[in-house]
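Novice: Quick one: sequence and predicted model below, then my questions.
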Amino acid sequence: MRQAFEGVIHDELPIEWDELTKGNFLLNRDFLEVVKVSSNMPFRAVTHQKYCCVEYPIKLNLLSFAKRAKLHVGITIIGAPVSIGKKGYVGDIGALIADYKKRKGIFLVLNDDAPLHAGNNRSGNTLPSFVLENDFADMDDYIQKLRSSYRRRVLLARKKAGSLSVKKIDSGSYTEQMHGLYMKVLNASKYPLETLNSSFFKLAGGDLYCFFNGQEPLAFVLVKGIEDTLYFIFGGMDYSKRDEYDLYFNMLLLVLELGITGSFKRIDFGQTAEQSKQRIGAIQSSRYMHIAAGNKFVDFTLTRLFRFFDYKLPNEKLNVFKQ
C-alpha cells in the first residue's frame, strides 16, 4: 500500500506562509500574489513540518538540454512559476523528496543552490546563474580594472548606444509596447517556462529602466535589490535593433552600473546568455535540479538516466580582470 503524502496542499497561501518561508524572496506572499495574477502557470503551496514549497504542473521536455532530442512528459515543478534562478522551497530537501515520492507523478525540484549528497543519482546541473562580486568604486574603476580586450568591448558597446537615452520609469508607466519587448525575448528563449503578462512588471516591485531612441523604447531591464544583492529579474529587447546598438550587452552594463552605484556587494545577472555575462566579469554560480517519481520503477529509471538530462556546464573560463 502506498504511504500517504504528508504535505498539506493549499490552493491559497496559508496565513502563516511568510513566517514559514522567510529568507526566500521568491516565496514572499506579496511576490507570489503578483505572480498568481500575471503568470499562465497556476501554482499551489505545500506545507510540511520539515519543508515548505510551491509547485505547478507543466508539460516539459525532459531532454531540453540535449541537442535535437525531445521527451515531453507531464511533470510537477517544485519551484516558483517565474524564471529566476532561486529555489522554490525552504527546509529539508531530503524530507521533501522522500515525501513527494509518496505521490503519483514525476517531480522536478529546480534551481537548488546545492546538489544532494555525493553519489546520489537524482541530482543534476541546470542553468547556472552568473554573479559578480562588487568591489568597484564606480564604473570608471571597473573599466580600468578590465584587461585591454574586455575594456575595448565595453567601450565599443557604450559607443554604439551613445545616441540612446536611458530613463528610469515608474512601474505604472510600463506599456504594452514595452511588454512586446519582453515577449520577443521570451519567444526567442531556448528554455521557456512561464509567460508573464504586463501586470507582473507593474506590480512586482523593483526598478525599471528603459533604453529609448527618441520616444521609441528599444530595451528595458527590471532589477530588484534584496539585502546586499542586486538581481537582474527580467528584460526586454527589440532584436531588430540588437546589433546596431549592442543592446543586450548595454543592458548588462546598465545592471552592472546600477549595482555599483547602489553599493550592492554582489550583482546577480541570472541565468542564460553565459558568454556575454562572463565577458562582463560575472562568475558562474551553479544551480541544481533533483528528480523524483512516485512509481518505484519510474523513479529508479529516471535516477539512472538523469545524467543524460542535465545541463552541460561551459568549460570556458575567462580572465576578464587584470591580475
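Specialist: All right, it came through fine.

Novice: Quick one: end-to-end length of stretch 97-116, please.
Specialist: Distance between the two ends of stretch 97-116: 11 Å, counting by CA to CA, to the nearest Å.

Novice: which residues in this structure form helices?
Specialist: Under the criterion DSSP state H, helices of the chain are mapped to 17-20, 29-38, 93-100, 139-145, 148-160, 176-188, 198-203, 242-245, 247-261, 274-279, 296-305.

Novice: Flag every buried residue along the third one.
Specialist: In other words, helix 93-100. I93, L96, I97, D99, Y100 (16 or more other CB atoms under 10 Å). From N, CA and C alone the C-beta is placed, and that goes for glycine too.

Novice: which residues touch the last one?
Specialist: Y100 makes contacts with F5, G7, I78, F107, A292, G294, as judged by CB atoms under 8 Å, 6 or more residues apart in numbering.

Novice: where does this protein have low pLDDT?
Specialist: Where the chain drops to pLDDT under 70, the residues are 1, 61-71, 118-120, 192.

Novice: which of the contacts of Y100 tops the neighbour count?
Specialist: Highest neighbour count within these, by other CB atoms under 10 Å: I78, with 26 neighbours.

Novice: residues touching that one, list them.
Specialist: Neighbouring residues of I78 by CB under 8 Å, 6+ apart: C53, V54, E55, G88, Y89, L96, Y100, F107, L108, V109, L110.

Novice: Ignoring the adjacent residues along the chain, who's closest to it?
Specialist: V109 (4.5 Å; CB to CB, 6 or more residues apart in numbering).

Novice: Neighbours of the one you found, how many?
Specialist: As a burial measure, V109 scores 27 neighbours (other CB under 10 Å).

Novice: my read: I97 touches H117, true?
Specialist: No. Counting by CB atoms under 8 Å, I97 does not reach H117; the two are 11.7 Å apart.

Novice: Could you check how many residues crowd around Y288?
Specialist: By other CB under 10 Å, 21 other residues sit near Y288.

Novice: And for F309?
Specialist: F309: 21 surrounding residues under other CB under 10 Å.

Novice: What of the one 3 residues further on?
Specialist: Taking other CB under 10 Å as the criterion, the count of residues near K312 is 9.

Novice: ok, now how distant is it from Q271?
Specialist: From K312 across to Q271, the span is 14 Å (CB to CB, to the nearest Å).

Novice: picking that back up, show me the contacts of Y100 that map onto strands.
Specialist: I78, F107, A292 (DSSP state E).

Novice: Return the member of those residues nearest to K184.
Specialist: Nearest to K184 out of those is I78 (CB to CB; 29.4 Å).

Novice: Check the gap between that closest one and Y56 for me.
Specialist: 9 Å.

Novice: same check, this time on A95
Specialist: For A95, the distance to Y56 - CB to CB - is 21 Å.

Novice: For the residue nearest to I78, give me its contacts.
Specialist: Contact partners of V109, counting by CB under 8 Å, 6+ apart, are I78, G79, K87, G88, Y89, I93, L96, I97, M289, H290, I291, A292.

Novice: Mind putting those into TSV with distance to V46?
Specialist: Shown next, in TSV, are the contacts of V109 (distance: CB to CB, whole Å):
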residue	distance to V46
I78	8
G79	12
K87	14
G88	10
Y89	9
I93	13
L96	9
I97	13
M289	18
H290	15
I291	17
A292	14
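
Novice: mind listing what the closest residue to G172 other than its chain neighbours touches?
Specialist: Excluding the flanking residues, the one nearest G172 by CB to CB, 6+ apart is K202, at 6.1 Å. Residues near K202 by CB under 8 Å, 6+ apart: S171, G172, Y174.

Novice: Great, nothing more from me.
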